[in-house]
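Undergrad: structure, please.
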Amino acid sequence: MREGSVLVIGAGGAIGSEAVRQLRARNLAVTATWRTRRPDMIAALEALGAETAQLDLEDRDAARRLIDMSAAVLFIPILTASAAAATHLRPGQPAVFFSSNNVAIDFEAPVYARLREGEAAVRKAAPHAVILRPTMIYGYPGDGNLSRLVRFMKRSPVTPMPGTGRALQQPVYYADLVEVAIEALFNETRSGKTAAVAGPGPVTLKDMYETAKAAAGARTAILSMPVTTAGTLMQSFEKTGVKFPVKSAQLLRAEKDKDPQGDHIVLTRTELREGLQKLAAAIGE
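TA: As a prediction, this is how the structure comes out:
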């Protein structure tokens with residue numbers, strides 16, 4: 001890598017701020033960007049020793065300038081939002097983008113079709129870039145996945161579980177995912193690769209729910225429900241504004257295995273039980 005800072009685009013959230021923390025722990029210069037100004041978030045990034053800057057990726061001139069000034073770029077926003085910025089990368093400039101493991105599993109959902117299109121756009125504009133396809137990301141209070149489940153279990157006497165509970169899951173702890181992404185910036189053997197990133201081993205959906213229940217210290221009863229029945233009910237309630245720990249679209253895919261797919265698979269180290277205990281503690285705080 002040439003001299004210059006590592007640019008973390010989208011550093012305002014938990015994954016982005018963790019990337020800044022890990023990069024600074026390596027004593028690397030970091031420029032952390034954010035789209036919406038929040039004084040507490042900016043202060044936290046600067047306390048880590050990062051330079052900060054406001055950036056909306058739709059501002060192509062600003063994005064081009066910052067990318068050109070940087071040695072490497074870590075794009076935290078999902079690839080559908082960041083793919084267009086691949087055209088600003090220099091030939092060979094280290095860069096990592098985030099997609100989803102579901103791209104290789106679900107060929108019907110429009111969201112994953114758009115991600116596949118985004119991956120193709122990145123490959124065309126920056127064939128050297130690394131694309132990571134994480135499985136379910138969890139571990140911080142706003143993760144939108146298991147944090148919602150843990151909160152729901154804490155307050156509800158009954159937690160519906162879609163389907164038979166036999167489908168395989170392999171969630172990845174968010175800090176481990178960041179570690180893989182940073183390693184990819186420095187490892188030339190990963191250049192141009194598309195890799196699935198997952199936790200250390202698969203568990204069934206039922207085991208994942210039971211592990212979440214134990215981590216939450218909850219007394220909730222886990223009730224298995226047929227996928228179509230539960231999905232239809234949830235869609236009806238969602239229209240009235242009711243929020244569940246998972247979305248109906250996720251629920252309707254509940255019987256599909258979510259273990260990592262592809263020619264290149266990276267397994268991380270944090271076991272689900274440990275990650276969920278950390279998550280429950282963070283939610284408690």
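
Undergrad: and Gly284, what's its pLDDT?
TA: The pLDDT attached to Gly284 in the predicted structure is 88.

Undergrad: what of Thr232?
TA: 71.

Undergrad: how many residues are close by the residue lying closest to Asp176 once chain neighbours are set aside?
TA: Leaving aside its chain neighbours, Asp176 sits nearest to Thr268 (3.5 Å; criterion: CB to CB, 6 or more residues apart in numbering). In this view, the C-beta of every residue, glycine as well, is placed from N, C-alpha and C. Using other CB atoms under 10 Å, Thr268 is surrounded by 21 other residues.

Undergrad: could you pull out the helices for the stretch 51-200 of the chain?
TA: Along the stretch 51-200 of the chain, the segments classed as helices by DSSP state H, counting those that start in this stretch run 60-68, 79-82, 110-125, 146-155, 174-186.

Undergrad: would you reformat these as TSV and include mean pLDDT and distance to Ile131?
TA: Formatted as TSV, the helices of the stretch 51-200 of the chain follow (pLDDT from 0 to 100; distance: least, CB to CB, whole Å):
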stretch	mean pLDDT	distance to Ile131
helix 60-68	96	17
helix 79-82	96	7
helix 110-125	96	6
helix 146-155	95	24
helix 174-186	97	10
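
Undergrad: thinking again about what came up before, contact partners for the residue nearest to Asp176?
TA: For Thr268, the contact set (CB atoms under 8 Å, 6 or more residues apart in numbering) comprises 172-173, 176-177, 179-180, 197-200.

Undergrad: let's go with 7 Å and repeat that
TA: Contact analysis of Thr268 by CB atoms under 7 Å, 6 or more residues apart in numbering lists 172-173, 176-177, 180, 197-200.

Undergrad: against Pro171, how distant is it?
TA: 10 Å (CB to CB, to the nearest Å).

Undergrad: overlap in contacts of those two?
TA: Common neighbours of Thr268 and Pro171, counting by CB under 7 Å, 6+ apart, are Gly199.

Undergrad: quick check: Thr270 touching Tyr173?
TA: Yes. Using CB atoms under 7 Å, Thr270 is in contact with Tyr173, at 3.9 Å.

Undergrad: who's more crowded, those two?
TA: Higher neighbour count among Thr270 and Tyr173: Tyr173, with 25 against 21, using other CB under 10 Å.

Undergrad: the more buried one and Glu271 touch, don't they?
TA: No. The pair Tyr173 / Glu271 is not scored as a contact, 8.8 Å apart, by CB under 7 Å.

Undergrad: got any residues that touch both of the two?
TA: In contact with both Tyr173 and Glu271: no residue, using CB under 7 Å, 6+ apart.

Undergrad: how about low-confidence regions in the stretch 151-285 of the chain?
TA: Within the stretch 151-285 of the chain, the ranges that satisfy pLDDT under 70 run 229-231, 233-234, 237-238, 242-253.

Undergrad: mind listing residues that contact the longest strand seen in the chain?
TA: Ranked by number of residues, the top strand in the chain under DSSP state E is strand 72-78. By CB under 7 Å, 6+ apart, the residues outside strand 72-78 that reach it are 1, 6-11, 13, 15-16, 19, 57, 67, 82, 85, 89, 93-98, 181, 185.

Undergrad: and if we set it to 6 Å?
TA: Contact with strand 72-78 is made by 1, 6-10, 15-16, 19, 67, 82, 94-98, 185, as judged by CB atoms under 6 Å, 6 or more residues apart in numbering.

Undergrad: strands paired with it, and their directions?
TA: strand 6-9 (parallel), strand 95-98 (parallel) (DSSP bridges).

Undergrad: point out the most buried one among these.
TA: strand 6-9 (a mean of 27; mean count of other CB atoms under 10 Å).

Undergrad: past that one, which element shows up next along the chain?
TA: helix 14-25 (DSSP states H and E).

Undergrad: with just CA atoms, put that next one into CSV.
TA: Below are the C-alpha coordinates for helix 14-25, written out as CSV (Å, rounded to 0.1, in the frame of the first residue of the first chain):
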residue,chain,number,x,y,z
ALA,A,14,-21.2,-0.1,14.8
ILE,A,15,-19.4,-1.9,12.0
GLY,A,16,-17.7,1.2,10.7
SER,A,17,-16.6,2.4,14.1
GLU,A,18,-15.2,-1.1,14.9
ALA,A,19,-13.3,-1.0,11.7
VAL,A,20,-11.8,2.4,12.7
ARG,A,21,-10.9,0.9,16.2
GLN,A,22,-9.2,-2.1,14.7
LEU,A,23,-7.3,-0.1,12.1
ARG,A,24,-6.1,2.4,14.7
ALA,A,25,-5.0,-0.6,16.9
